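[1] Pasting a predicted model and its sequence here:
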Amino acid sequence: MPGVTAKEVTRERVAIGGSALVFEDLRAIAAGARVSLAPDVGARVAPSRALIERVLKQGSTVYGVNTGFGQLKSVRVSDQDVERLQINLIRSHAAGAGPTLEPRVVRLMLALRAHSLALGYSGVRLTLLEHIVRMIESNILPIVPSQGSLGASGDLIPLAHLALGLIGEGEALAEGRSVNAAELMRGNGMAPLALQAKEGLALINGTQAMTSVGALALIESAEVLRAAHVACALSVDAARGSIKPFDPRVHAIRPHPGQKDSAAALWGLLRESGIVASHADCARVQDPYSLRCAPQVLGASIDAFRRSRETLVTEVNSVSDNPLCFPDTGEVISAGNFHGEPVALALDYLAIGMAEVGSIAERRTYLLLDSAKSGLPAFLVPAAGLQSGLMIVQYLQAALVSENRMLAQPASTDSIPTSAGQEDHVSMGMHAAVKALTLVRNVRRIVAAELLCAAQGIHLLRPLRSGERLERMLGALREIVPPLGDDRRQDQDLARLDAWIASGIPADLAQVEPF
C-alpha cells in the first residue's frame, strides 16, 4: 500500500466501523478530517450488546462485566454495582505521567478506539460510539500522559485518561490550556458519557495508544524517506559521484523491492544531471559506500517501513478488546488480543530501519565537508579558517545519530510482570512507539542537514547544473534558505528545512514516487 505526500491527502471525511481503514485514512484523521460512523455500525454492535445484557440477566459470571480485574478476576461484583465497577476502573487506572500526547495522536486514539469497538465484538452500545465521534467532531481531545503503558493488557493507563475525558472527569486541551472536559462538552451541547456494564473495560483494553503514536511515526517516516532520496541525489551530484551503481540492471539481479525502488528514485533524479556529465571521464574508480550503496541501505529501510506499516494497518482494523463477544454462539470469551507484541515488534523494526537512514545521511555529509574526499572547499565555504562554514552541522548530525543508536534498541525484548503475576508478560509497545517517533524526528533533522550541505556543495560547483528535477527542488530550497556566504547561525536554517521535509514538499517538487 503506497504512502502519499501531505499534499495528496484529499479526504474530508473518514467513515469508521465499516470498511477497513487504510494508511491514508490515518493520515487524514491525524490532519483533521471529519470522522463519522459507517451506516451499518448500529446493526453490527447491537447483537454483542444484547449478549452482554443477556448474560447479566442470567446471572453468569463474566470477567470484567461482573468481576474484578487482573488478579481480582475471581471477585464477583453484585448486579447493582456493575456500572460503578466500570467507573472505578477508569478512575483507578488513570495513573499516567510524563509529557502529554500531542493532539494528532489523541485524535487518532479516539477514532481508532471507536473503529475497533464498532466492529461488533466488544459489547458496547451505539451511544458510546456516537459520543466518541461527537468528541472528535467538537475537537474535545482529552489530555493523555505518554508514560505508564506496558502494552498489555493493552494501553491501560493512557486509554484510561482518554476514557476519563469521555465521562467528563478528565481534562481536555482548549486554546492551549487545560479545561475540564465536562465543561467543554456542555459548551458543545453534550453531556458526559454514562458508562454501562463492560464499557469501561472496553474503553481501556486495547492497543490504540501505541498504534496511534506508531501511526504518526509512520506518517512522518514516509516524508523523511522520500526527502532522504532527494538529499542523497544532491550529495552524489555535489561529490561528483557516479550514477552507475543506480543502473536498473544492477538491482534487477538482487530484486529486494525497496532496493529496486530506491535505486529507481536515485537514477531518475540523477541521470540527466549536467554535473554527472561533466566528470564522465574522471579517473575515480569507486565511490565510498555512503554513495555507492545508498539503494541497498535506503531500500532496506523502505522495506522495514512497509512491513511496519502493514502490521499497524492490520492492528488498526483488529479487535483488541477483552473479553470478546460472539453473538452467533452466545459466548463471551476471555482472551489476549490486547497484547501489543505485533505492534511493538513492528515499531522496533521501523526504528532500526529509520536509524540507518540517518546514519548513512551523516556519512555523506561528512564526506562533503572533507575537502580531501569531496574536492569541494573545506566545510563548504571559500574562506575556511576565517569561516567555520557548515562544520558544526555535522556535529549535530553525529549527536543525533548517537542518540538514535540508543533509541533503536528494542523495547519489545523487555517485560516486567504486573498484577501479582497475572499479567506476567508485557509488550512495552508504547515505549517502542514513543521512541520510534522521537527517532524519526531526529532523522528528519539529520536529512535536513544533508540537504543544507549538499545544496551548498552544488552552489560551489556553479555554473554546473544538476538535472531538471533537482534544480527545481534547489530553486524552492533557496527560497527558504539562501546559500551560505558569511557564517550565520544554522539552527534556524535547519528548522526551516525540517518543516519543509515534514510538509512533503521536497519529494513533491523532485517528483519522487511515494514508497
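    Okay, I see it.

[2] ok, L461 - contacts?
    Under the criterion of CB atoms under 8 Å, 6 or more residues apart in numbering, the contact list for L461 reads D237, A238, R240, I275, L376. Quick note: C-beta positions are derived from backbone N, CA and C, even for glycine.

[3] One more pass at 10 Å, please.
    Applying CB atoms under 10 Å, 6 or more residues apart in numbering to L461 gives the contacts D237, A238, R240, G274, I275, S278, G375, L376.

[4] And the third one, what's its pLDDT?
    In the predicted model, R240 carries a pLDDT score of 96.

[5] And for Y395?
    The pLDDT attached to Y395 in the predicted structure is 98.

[6] what's around it, how many residues?
    Summarising burial for Y395: neighbours were counted as other CB atoms under 10 Å, giving 10.

[7] For L159, see how far away T211 is.
    Distance, T211 to L159, using CB to CB, to the nearest Å: 11 Å.

[8] same thing with E310?
    Relative to L159, and taking CB to CB, E310 is found at 24 Å.

[9] Equivalent analysis for M135, please.
    M135 sits 14 Å away from L159, taking CB to CB as the criterion.

[10] Check which helices and strands the one helix or strand Q492 maps to sits against.
    The secondary structure element spanning Q492 is helix 491-502 (assigned by DSSP states H and E). Packing partners of helix 491-502 (3 or more CB pairs under 10 Å, 6 or more residues apart in numbering; DSSP states H and E): helix 208-238, helix 391-407, helix 429-459, helix 468-480, helix 505-509.

[11] Mind putting those helices into CSV with distance to A30?
    CSV is the format used below for the helices and strands packed on helix 491-502 (distance: least, CB to CB, whole Å):
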stretch, distance to A30
helix 208-238, 6
helix 391-407, 22
helix 429-459, 12
helix 468-480, 24
helix 505-509, 18
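
[12] ok, of those helices, where does mean pLDDT dip lowest?
    Set side by side, these differ in mean pLDDT, and helix 505-509 is lowest with a mean of 89.

[13] can you give me the helices for the stretch 101-250 of the chain?
    Counting by DSSP state H, counting those that start in this stretch, the stretch 101-250 of the chain has helices at residues 103-117, 126-137, 156-166, 181-187, 199-204, 208-238, 248-252.

[14] and the angle for the second one with helix 103-117?
    Looking back up the chat, that one is helix 126-137. Our comparison of helix 126-137 with helix 103-117, counting by axes from the mean of the first three to the mean of the last three CA atoms, to 10 degrees, yields an angle of 160 degrees.

[15] Let's verify the residue lying closest to D40 once chain neighbours are set aside: helix, strand, or coil?
    Setting aside the residues directly before and after it, D40 is nearest to G18 in space (CB to CB, 6 or more residues apart in numbering), at 6.3 Å. Remark: G18 carries the secondary structure label coil [criterion: DSSP: H, G, I helix; E, B strand; the rest coil].

[16] so how far is R49 from G18?
    Between G18 and R49 the distance is 18 Å, computed by CB to CB.

[17] E331 now?
    Remark: distance between E331 and R49 (CB to CB) = 15 Å.

[18] Name the residue in these two with the higher neighbour count.
    Between E331 and R49, counted using other CB under 10 Å, R49 has the larger neighbour count: 23 against 12.

[19] Report the contact partners of the more buried one.
    Contact partners of R49, counting by CB under 10 Å, 6+ apart, are 120, 122-128, 196-199, 325, 327.

[20] just checking, which of the residues you listed belong to strands?
    Helix and strand membership here follows DSSP state E; of the contacts of R49, those in strands are C325.

[21] Closest one of the contacts of R49 to D247?
    For D247, the nearest member of these is G120. The distance, counting by CB to CB, is 52.4 Å.

[22] Which helix or strand contains the closest residue to that closest one other than its chain neighbours?
    Spatially, and ignoring its direct neighbours in sequence, G120 is nearest to R44 (3.9 Å; CB to CB, 6+ apart). Assigning secondary structure by DSSP H and E places R44 in helix 41-58.

[23] R104: what's it in contact with?
    When contacts are counted by CB under 10 Å, 6+ apart, R104 touches I29, A30, A31, G32, L141, S212, V213, A215, L216, I219.

[24] how close does A231 get to H256?
    With distances taken as CB to CB, A231 is found 21 Å from H256.
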